[in-house]
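Engineer: pasting the structure only:
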DNA sequence: AGTACATTGCGTCATAATAACACATTTGAC
DNA sequence: GTCAAATGTGTTATTATGACGCAATGTACT
């Protein structure tokens, strides 16, 4: 980080940053991957800067990996944020002070940054966030209990969630969010959690089944209270096909 | 422009630009507003740079106005483009050479720019593109006959059109694209042109009527071949309501 | 004036999608 | 064994959709 700030003018895209909204699903909760840096009381989205020799989409993957250790996931760009006062003077100065950097050298940091938002849905269990930087804390936090975030990160998070809800109508989800074998109630809970809305059990099942991306397994979930639900898996081939063509055509 | 390039480091957001895809509808054709600058054989989208004291959304309006004279339209951000070789060295050097600027002073221009794309649907007739810069040519061009464009502008244009087609399923359109009074076939042609697809006349009418955003006028179009179609207008209040709430909910 | 033809307005019909709900079955808890 | 909670598999009514039919309107042409 320190190395970055000093070398910024040469090796990084000026005035631009990337912030990632990483959604995971666990215990029937939609979780978001957040980072807490020591020089602030607030949490933040994992973000960073754009190497001048990388496409921004590639840079998003790099940034996420450097901040969290998370690897090999597909990040979807959803919006750019560029209000003039989105990163105020104060914030930049705090960082410089904390890192003991000459305010003149780090001047660029206190100017307005435009940030590009990326989001992803990942398997909660497969992502074990490494603590790359020993003084940073990385945690999955329930999206309903997200504390105050730095800058406009809350706005970015909300926009990501809005985008996700819209995309839910255009494409199937769940492949990276659920274990390989899952029950219908689990899949439904995922949808309900993202949409923050109750769905009818029977209508949900019919609709999701008709999409044709599920394989019903000859196996039941065990160690559950009450009647054991059947298990399903995604038919990856058909899943990808639907991903490509979209769900509804509308007109 | 020249003033801008020399003063850039101080007054504009570095490394970032904005490009606008302005769609208009006329003669049953979807038109795009394009600009031809003298220092290139190719056409380009109206674009420009971001004043450091403006929100990017505001800057988009400013940029469009400065390049085309177009005023007071809502621009929708749809994507950021940032491949490392999207603006190659060659392009920047050409511009500097044409403007007779010391390559050292304009060095920043030859680096990678990330551009943020905005699109809008506007009334073809209400927008009379002024030629601000006497050596620039501004024209409405049929989107099916768009010539080769500079840099990745064709990609930007295509992405805008893709976004527009998706949004067509989520919200009503036409308010800024058609005259105040319009016939059903005119509205249908608009949809068909954007989607590049034939729609059934009768089903289209039923569906669009059911949305509840149209007011049937007691008036017929005149000076037309064959049977005169009835005229309609948008019920702005309901139109805005649907715009806010969206069309389909899906889940 | 009369006819041909393109276009509009207003239908129908079969099918699919959706919302709301009924009922029997399975399983753990008491 | 009985109860409660959850699952599996329906039904029914309503609405939306896609594919047409046909009469009415107005222009163009003989």
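Structural biologist: Done, it's in. The structure presented is a predicted model; accordingly, all values stated were derived computationally and were not measured.
Engineer: Which positions in chain A make contact with chain B?
Structural biologist: Contact residues (CB under 8 Å from any CB of the partner chain) of chain A with chain B: A:13-16, A:50, A:52-57, A:59, A:77, A:79-84, A:111-112, A:114, A:116, A:166, A:168-170, A:191, A:195, A:197, A:199, A:247-251. All C-beta atoms are positioned from the backbone trio N, CA, C, and that covers glycine.
Engineer: Taking those, please make a PyMOL selection of just the buried ones.
Structural biologist: In PyMOL syntax, the buried subset of those is picked out as below (16 or more other CB atoms under 10 Å in any protein chain shown):
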select buried, chain A and resi 13+14+15+16+50+54+55+56+57+59+77+79+80+81+82+83+84+112+114+116+168+169+170+191+195+199+250
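Engineer: Looking at the residues of chain A next to chain B, which are in strands?
Structural biologist: Among the residues of chain A next to chain B, the residues falling in strands (DSSP state E) are A:13-16, A:50, A:77, A:79-81, A:114, A:116.
Engineer: State the number of residues packed around the residue of the stretch 151-251 of chain A found nearest DNA strand C.
Structural biologist: Residue nearest to DNA strand C within the stretch 151-251 of chain A: residue A:227 (3.0 Å; CB to the nearest atom of the strand). Neighbour count for residue A:227, taken as other CB atoms under 10 Å in any protein chain shown: 7.
Engineer: and the gap between it and DNA strand D?
Structural biologist: Going from residue A:227 to DNA strand D by CB to the nearest atom of the strand, to the nearest Å gives 4 Å.
Engineer: And for residue A:195?
Structural biologist: Distance, residue A:195 to DNA strand D, by CB to the nearest atom of the strand: 18 Å.
Engineer: What are the phi and psi values at the residue of the stretch 151-251 of chain A closest to DNA strand C?
Structural biologist: Phi and psi for residue A:227, reported as degrees, to the nearest 10, are phi -60, psi 130.
Engineer: any chance you could map the strands in chain A?
Structural biologist: With strands called from DSSP E, chain A shows them at A:12-26, A:29-36, A:43-44, A:47-51, A:76-81, A:114-122, A:137-142, A:182-183, A:214-220, A:230-234.
Engineer: Quick check, pLDDT for the nearest residue to residue A:139 once chain neighbours are set aside.
Structural biologist: Nearest residue to residue A:139, sequence neighbours excluded (CB to CB, 6 or more residues apart in numbering or on different chains): residue A:34, at 5.9 Å. You'll see residue A:34 listed with a pLDDT of 95.
Engineer: Is residue A:34 in contact with residue A:24, as I believe?
Structural biologist: No. Applying CB atoms under 8 Å as the test, residue A:34 and residue A:24 come out as separate, 11.2 Å apart.
Engineer: and the two? which has more neighbours close in?
Structural biologist: Taking other CB under 10 Å, residue A:34 and residue A:24 do not tie; residue A:34 has more neighbours (25 against 22).
Engineer: hang on, isn't residue A:175 packed against residue A:239?
Structural biologist: Yes. The pair residue A:175 and residue A:239 qualifies as a contact (CB under 8 Å) at a distance of 5.9 Å.
Engineer: OK, contacts around residue A:62?
Structural biologist: Residues near residue A:62 by CB atoms under 8 Å, 6 or more residues apart in numbering or on different chains: A:48, A:51, A:54.
Engineer: Give me every residue in chain A lying close to DNA strand D.
Structural biologist: Taking CB under 7 Å from any atom of the strand as the contact definition, chain A meets DNA strand D at A:183-185, A:201-203, A:205, A:225-230, A:249.
Engineer: Can you pick out the most distant pair from the residues you listed?
Structural biologist: Distance extremes for these: the farthest pair is A:225 and A:249 at 41.1 Å, using CB to CB.
Engineer: Now for residue A:34 and residue A:24: what residues contact both?
Structural biologist: residue A:140.
Engineer: Phi and psi next, for residue A:212.
Structural biologist: Main-chain torsions, residue A:212, degrees, to the nearest 10: phi 90, psi 30.
Engineer: Let me know the distance separating the closest residue to it other than its chain neighbours from residue A:230.
Structural biologist: Leaving aside its sequence neighbours, residue A:212 sits nearest to residue A:238 (CB to CB, 6+ apart; 5.5 Å). Using CB to CB, to the nearest Å, residue A:238 is found at 19 Å from residue A:230.
Engineer: Over to residue A:212?
Structural biologist: Residue A:212 is 17 Å from residue A:230, by CB to CB.
Engineer: Show me the domain layout of chain A.
Structural biologist: Per automatic domain parsing, the structural domains of chain A span A:2-167, A:182-245.
Engineer: residue contacts, residue A:249?
Structural biologist: So residue A:249 contacts residue B:169 (CB under 8 Å, 6+ apart).
Engineer: list the buried ones in stretch A:94-104?
Structural biologist: A:95-96, A:101.
Engineer: Among the residues you listed, which one sits closest to residue B:144?
Structural biologist: residue A:95 (50.4 Å).
Engineer: residue ranges for the helices of chain A, please.
Structural biologist: Using DSSP state H, the helices of chain A run over A:2-11, A:56-68, A:89-99, A:153-167, A:184-195, A:201-211, A:236-245.
Engineer: Kindly report the residues of chain A close to DNA strand C.
Structural biologist: Counting by CB under 7 Å from any atom of the strand, the residues of chain A close to DNA strand C are A:200, A:202-203, A:206-207, A:210, A:220, A:224-228.
Engineer: can you redo these as JSON lines with pLDDT?
Structural biologist: Output for the residues of chain A next to DNA strand C, formatted as JSON lines (pLDDT from 0 to 100):
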{"residue": "A:200", "pLDDT": "96"}
{"residue": "A:202", "pLDDT": "96"}
{"residue": "A:203", "pLDDT": "96"}
{"residue": "A:206", "pLDDT": "96"}
{"residue": "A:207", "pLDDT": "96"}
{"residue": "A:210", "pLDDT": "94"}
{"residue": "A:220", "pLDDT": "90"}
{"residue": "A:224", "pLDDT": "84"}
{"residue": "A:225", "pLDDT": "84"}
{"residue": "A:226", "pLDDT": "89"}
{"residue": "A:227", "pLDDT": "93"}
{"residue": "A:228", "pLDDT": "93"}
